[in-house]
Structures are given as structure tokens and as C-alpha cells.
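*Asks:* Based on what follows, work out the 3D shape:
(one chain, ligands or ions: 1)
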Amino acid sequence: MTLIKEIGRRRTFGIISHPDAGKTTLTEKLLLFGGAIQEAGAVKSNKIKKGATSDFMEIERQRGISVATSVLAFEYQNIKINILDTPGHKDFAEDTFRTLTAVDSVIVVIDVAKGVEEQTEKLVEVCRMRKIPMIVFINKLDREGKDAFELMDEIEQKLGLTVTPLSFPIGMGYDFKGIYNIWEKNVNLFTGDPKKDIEDTIEISNLNSSELDQLIGEKSANILREELELIQGVYPEFDKESYLEGNLQPVFFGSALNNFGVRELLDCFIEIAPTPRPKESDTRLVKPNEKEFSGFVFKIHANMDPKHRDRLAFIKIVSGVFERNKPYLHVRNNKKMKFSSPNAFFAERKEIIDTSYPGDIVGLHDTGNFKIGDTLTEGELMNYKGVPSFSPEYFRYINNADPMKSKQLEKGIDQLMDEGVAQLFTLEMNGRKVIGTVGALQFEVIQYRLEHEYGAKCSYENLNVYKACWVESEDNKSEEFKEFLRVKNKFLAKDKRGQLVFFADSQFTLQMTQQKFPKVKLHFVSEFN
Ligand code: G4P
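*Replies:* The predicted structure is shown next:
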């Protein structure tokens with residue numbers, strides 16, 4: 001019974017946006033509502049300004065001390081909300097993609113002036129393909145921006161979504177008067193005071209009443225009436241099922257900085273957002289309310305404090321109850337493990353917990369047993385699917401720059417790859433090691449961390465690779481496959497799991513290879529397990 005009740009009151013989600021749209025600010029306001037923090041400025045931005053490595057190091061260092069920023073949990077109206085942090089910087093997009101495998105829904109933040117930006121497009125595409133329910137929050141209404149209707153058109157076209165507004169702005173920028181809450185049918189007037197009592201909303205059950213004219217002026221009232229009529233005619237009526245199936249995305253407007261429109265978003269969110277969802281494993285679909293515990297690792301965080309070298313593996317609980325000190329099966333290693341000090345995360349602290357429920361994230365201390373994608377169960381042999389590895393975009397040979405420290409280098413590379421910082425490939429031809437990353441920044445990060453955490457030194461050498469593709473053949477004994485292996489020998493490598501990978505040096509080569517060897521399938525995404 002407790003299990004069902006606890007599942008019913010959990011909402012685990014991520015906030016995605018292009019950097020600067022207001023993700024950190026919105027997160028902070030949500031935490032303020034939950035009483036999880038007392039003042040603004042408590043949530044550290046995970047922003048990497050100008051792509052500097054030092055920024056990244058600083059953020060990581062802070063996290064090492066307080067990893068709590070990776071997961072922020074709070075209670076609001078007896079609902080347990082878990083916000084999973086997603087880095088906005090594009091070089092860390094892969095980390096964000098992986099975190100998206102652990103959320104049950106997302107909120108997309110869009111800057112009203114900038115509209116749909118590059119990172120938003122990429123991240124929303126991943127959510128759309130996975131049918132993750134999405135709510136859109138259009139932010140910075142206190143500034144001049146695009147017309148609300150135009151912006152919703154842009155969202156539909158660029159992001160491939162079907163939207164319906166659940167709140168609507170009255171004016172914008174200097175002329176911003178407030179928000180009409182279509183969901184609750186009331187008006188919230190904008191005063192620019194972030195501390196304004198949120199109970200100040202005014203019920204407007206009849207839009208034609210003169211009360212609306214008195215509140216916002218006759219002109220604005222008439223415009224609003226026309227706009228709402230247009231909305232009714234143009235946009236589909238909100239339907240919770242369509243939203244949960246990923247087919248309809250409600251839109252809210254507001255200003256996170258002014259804490260305006262955020263309560264509307266949160267109140268609707270706890271009502272409509274999904275409780276922990278079932279998850280597909282390689283053998284079956286696992287439901288959250290099953291008695292036996294199961295979960296998977298979606299993130300590994302190194303402790304940047306040199307005095308404490310252990311890592312923290314973040315597990316999303318999919319089913320059953322997780323209990324402290326109970327033996328669980330680490331499926332890949334076929335080994336039972338017990339955890340004496342599992343962590344739960346709150347806004348400003350982490351705590352050792354005895355039990356945790358589906359939707360929750362627990363942090364387990366790890367001395368190198370976990371890889372991203374690993375599954376824990378009570379004994380069942382199954383692996384969760386869907387923690388992907390993407391084709392890297394940058395490639396370099398990695399060399400040992402201090403022959404006395406080759407063991408340290410090997411260990412360091414091994415562990416950094418388990419964390420998902422980058423991918424390691426070994427060339428078939430000569431055994432040379434190649435590092436592939438999603439962003440150029442990672443090379444510096446790897447070099448820095450190898451030196452500071454493992455005492456090893458590395459150097460890089462450029463390598464011209466356009467794309468790395470995972471190779472799959474319908475028939476490994478076929479003449480075509482043998483020919484492929486022979487002709488492409490110089491461009492073949494194995495990834496860390498021993499999967500065959502083909503390095504194409506240009507788009508042209510890739511196309512030619514696909515044409516010449518139609519039965520050899522080249523994939524741009526692989527799964528960790
Ligand atoms: P991010 O996490 O998505 O990268 O964005 P973040 O919340 O850090 O917000 C980016 C900038 O936009 C910040 O200003 C923030 O204060 C501002 N901002 C967020 N919400 C609103 C809003 O509703 N209205 C207005 N006008 N601005 C908003 P900054 O100058 O870059 O940073 P800071 O020095 O103020 O922290």
C-alpha cells in the first residue's frame with residue numbers, strides 16, 4: 001500500500017533549455033515554492049560561460065563538495081518533486097541526453113525574445129522521440145519579445161510539437177499587465193514585485209464581465225477576449241491523456257525572475273505531470289508498482305576532492321522499494337552488493353536514507369563497480385535499455401606523456417570513460433587508443449582530471465574522423481562483411497565494450513561505404529548495455 005501511495009505522489013522531471021533562457025532561475029523559484037530554499041541565489045548556476053575549462057572545473061569542484069545540485073528534491077502540497085539537473089552547455093549535451101532517460105517528464109524553458117534556440121531543438125527532439133510528456137514555459141515576459149501567437153507557431157514548426165496554451169499573457173515588456181490562467185480561469189496581475197503574495201489572483205469566471213475591464217483596462221480586456229476566442233478556435237483543447245502520451249504540449253507564460261506565472265506552472269504540473277512511468281528492459285516492461293526493487297545508473301559523478309576519491313553513482317529507482325543494507329544484484333557483474341550509506345538529495349543537502357521509492361534518485365558510493373547504464377535488481381537477470389551512447393564529434397589519439405605512470409593513466413581513462421565523460425576506441429590495426437567526445441572542451445577536462453585525480457599525464461594527436469558508426473552485420477560470415485572488414489581495416493576500431501566501430505573520415509566516405517556495403521548497417525547511436 002505504501003508503495004502505491006508513494007509512487008502516486010512522485011514527480012521526477014528535468015528542465016531543459018538553451019543556455020540563458022532561465023532554467024536556473026526557474027529551478028530556484030520552484031524550490032522557493034517548496035520551501036526547500038529560503039532565498040534567491042541559493043541554486044548554483046551550472047553555466048559554463050565562454051566555454052572555459054576553468055568554469056567547468058569550478059562547477060565540478062563545487063559539486064564535489066555539494067553534489068546535491070545534480071538532483072533537487074522538495075515537497076509541494078504533499079507531492080515529492082525530484083528535479084534532475086541537466087547541463088545546458090552543448091559540450092555536455094550527452095550528459096543531458098542520459099539524464100533524460102531518468103526523467104518522467106520535462107519542462108522546456110524558452111526565452112520570449114529569442115524563441116526556439118539550437119540546444120532547445122536538439123533536446124526537445126530527444127524527448128519527442130521518446131514520447132516524454134513536455135510542458136513549455138515561455139519566460140521573460142517582463143521584457144519585449146515575440147508575439148505569443150507567433151512564438152507558439154515557431155514552437156510547433158521548429159520543435160515539431162502540438163501546443164495549447166494554458167495561460168496567456170496580457171501585454172508584454174513595459175506593457176505587461178499579467179497573466180490570464182486558462183487552466184484555472186483567473187487573472188494574476190503583474191506588479192513586478194517578486195515577493196507579491198501569490199494568493200493575489202482574481203477569479204474571473206465570466207470573461208465578459210466588466211470586472212475584467214476594471215482590472216486591466218477596457219482596451220486590454222477586449223484584446224484578451226479576442227485572443228482567448230482565437231485560442232479556442234485554433235488550438236486543441238487540453239487533454240491530459242494526449243499530453244501524457246507525448247502528443248500535446250501545454251504552454252505557460254511568465255517571468256521566472258519575477259516569480260510570476262511560476263505558481264500557475266507548478267500547480268498545473270503537480271496535477272497533470274506523470275507519476276513514475278514503467279520502463280522497458282531487455283526482457284520485459286517493468287512497472288513501478290512491482291514489489292521487487294530495480295533501478296539503473298544514469299550518471300556517475302566523480303568526487304573532485306582529492307581526499308575522497310570515491311564516486312557517486314546516481315540510480316533511478318524504477319520499481320519496488322530500495323532499502324539500505326539489502327543485497328542487490330549488479331547484473332552486469334553478476335555480483336550481489338549492499339549499500340550502507342545510500343544518499344537522497346535535497347536542495348541544499350544530501351542525507352543517508354533507509355528506503356526510497358520509484359521516481360527517486362539515490363546516490364551510491366562507488367569504488368569503480370558501476371558504469372552508466374548498469375542495472376540493479378533483487379536477482380532478476382535483466383538490463384534496462386535506453387541509456388544511449390552517441391557518435392562523438394571530435395576525435396584525438398591519446399598518448400601517455402609520462403611512461404612511469406602508465407598504470408595510473410590506464411585506470412584514469414578507464415574510470416573517466418565509465419563516467420561517460422568521453423568514449424574510448426582502440427584501433428584494430430595497431431592498438432592505438434582514440435578518445436571521442438561530443439564537445440572540444442572535454443579533451444581539456446580529461447587532461448586536467450587525469451593529472452589532478454590520477455597523477456597521470458597525457459598528450460593528444462589529431463585524427464581526422466568525421467563520424468564513428470557502430471557496425472552491425474546481418475551475417476558475419478557473408479562475403480560482403482568479410483570484404484568490408486578487409487577494405488576498411490585501417491578505419492576499424494573497438495569501443496570499450498568490444499563493439500566494432502567504423503571511422504568515416506568524411507561524409508562522402510560514409511555515403512560510399514553505405515552504398516558499397518548495403519548489408520552492413522552503420523549506426524550513429526549505441527546503447528551502453
Ligand atoms: P539558464 O540557467 O537557462 O542558463 O539561465 P539563468 O536562469 O541563469 O538566466 C539567464 C539570465 O536571464 C540571468 O541574467 C537571469 O537573471 C535572467 N532571467 C531569468 N528569468 C528572467 C525573467 O523572467 N526576466 C528577465 N528580465 N530576466 C530573466 P544574467 O544577467 O545572465 O545573470 P545574473 O547575473 O542576473 O544571474
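
*Asks:* Would you indicate which residues of the biggest helix by length in the chain are buried?
*Replies:* Counting by DSSP state H, the longest helix found in the chain is helix 218-234. By neighbour count with 16 or more other C-beta atoms under 10 Å, helix 218-234 contains the buried residues 220-221, 224, 227, 231. C-beta here means a position set from N, CA and C on the backbone, and glycine is covered the same way.

*Asks:* and if you look at stretch 133-147?
*Replies:* So, applying 16+ other C-beta under 10 Å, buried residues of stretch 133-147: 133-142, 145-146.

*Asks:* So what's the gap between it and the chain middle?
*Replies:* Centroid separation between stretch 133-147 and its chain, computed with C-alpha atoms, centre = their mean, to the nearest Å, is 20 Å.

*Asks:* cool, stretch 476-493 as well?
*Replies:* Taking C-alpha atoms, centre = their mean, one finds stretch 476-493 lying 37 Å from the centre of the chain it belongs to.

*Asks:* Quick one: name the residues of the protein near the ligand.
*Replies:* Contact residues (C-beta under 6 Å from any ligand atom) of the chain with the ligand: 17, 19-25, 45, 47, 88, 139-140, 142-143, 255-258.

*Asks:* Filter those residues down to the buried ones.
*Replies:* Among these, the ones that count as buried by 16+ other C-beta under 10 Å are 17, 19-25, 45, 88, 139-140, 142, 255-258.

*Asks:* Narrow those to those in strands?
*Replies:* Those of these mapping onto strands are 17, 139, per DSSP state E.

*Asks:* Identify those among the buried ones among the residues of the chain next to the ligand that sit within helices.
*Replies:* Counting by DSSP H, the members of those that fall within helices are 23-25.

*Asks:* from those, which has minimum pLDDT?
*Replies:* For these, the weakest pLDDT value sits at residue 24, with 86.

*Asks:* how close does it get to residue 257?
*Replies:* 11 Å (C-beta to C-beta, to the nearest Å).

*Asks:* ok, back up a step: farthest pair within the buried residues of stretch 133-147?
*Replies:* 133 and 142 (27.8 Å; C-beta to C-beta).

*Asks:* Ranking helices and strands of this structure by mean pLDDT, which lands last?
*Replies:* Least confident helix or strand of the chain, by mean pLDDT, DSSP states H and E, is helix 53-65 with a mean of 52.

*Asks:* Against residue 225, how distant is the residue lying farthest from the centre of the chain?
*Replies:* Distance to the chain centre peaks in the chain at residue 210, reaching 45.5 Å (criterion: C-alpha atoms, centre = their mean). Between residue 210 and residue 225 the computed distance is 12 Å (C-beta to C-beta).

*Asks:* Show me the shaky parts of the stretch 401-529 of the chain.
*Replies:* Along the stretch 401-529 of the chain, segments meeting pLDDT under 70 span 527-529.

*Asks:* which residues of it fall in strands?
*Replies:* In the stretch 401-529 of the chain, the strands defined using DSSP state E, counting those that start in this stretch lie at 423-427, 433-437, 458-462, 467-473, 492-494, 500-504, 520-523, 525-527.

*Asks:* The stretch 201-350 of the chain: strands as residue ranges?
*Replies:* Per DSSP E, counting those that start in this stretch, the stretch 201-350 of the chain carries strands over the ranges 202-203, 249-253, 279-280, 285-286, 294-302, 311-319, 322-323, 328-330, 335-337, 343-345, 350-352.

*Asks:* Switch the ones you listed over to a markdown table; also include distance to residue 449 and mean pLDDT.
*Replies:* Converted to a markdown table, these look like this (distance: least, C-beta to C-beta, whole Å; pLDDT from 0 to 100):
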| stretch | distance to residue 449 | mean pLDDT |
| --- | --- | --- |
| strand 202-203 | 54 | 71 |
| strand 249-253 | 38 | 97 |
| strand 279-280 | 31 | 94 |
| strand 285-286 | 35 | 96 |
| strand 294-302 | 7 | 89 |
| strand 311-319 | 12 | 93 |
| strand 322-323 | 30 | 96 |
| strand 328-330 | 25 | 97 |
| strand 335-337 | 26 | 96 |
| strand 343-345 | 22 | 82 |
| strand 350-352 | 22 | 81 |
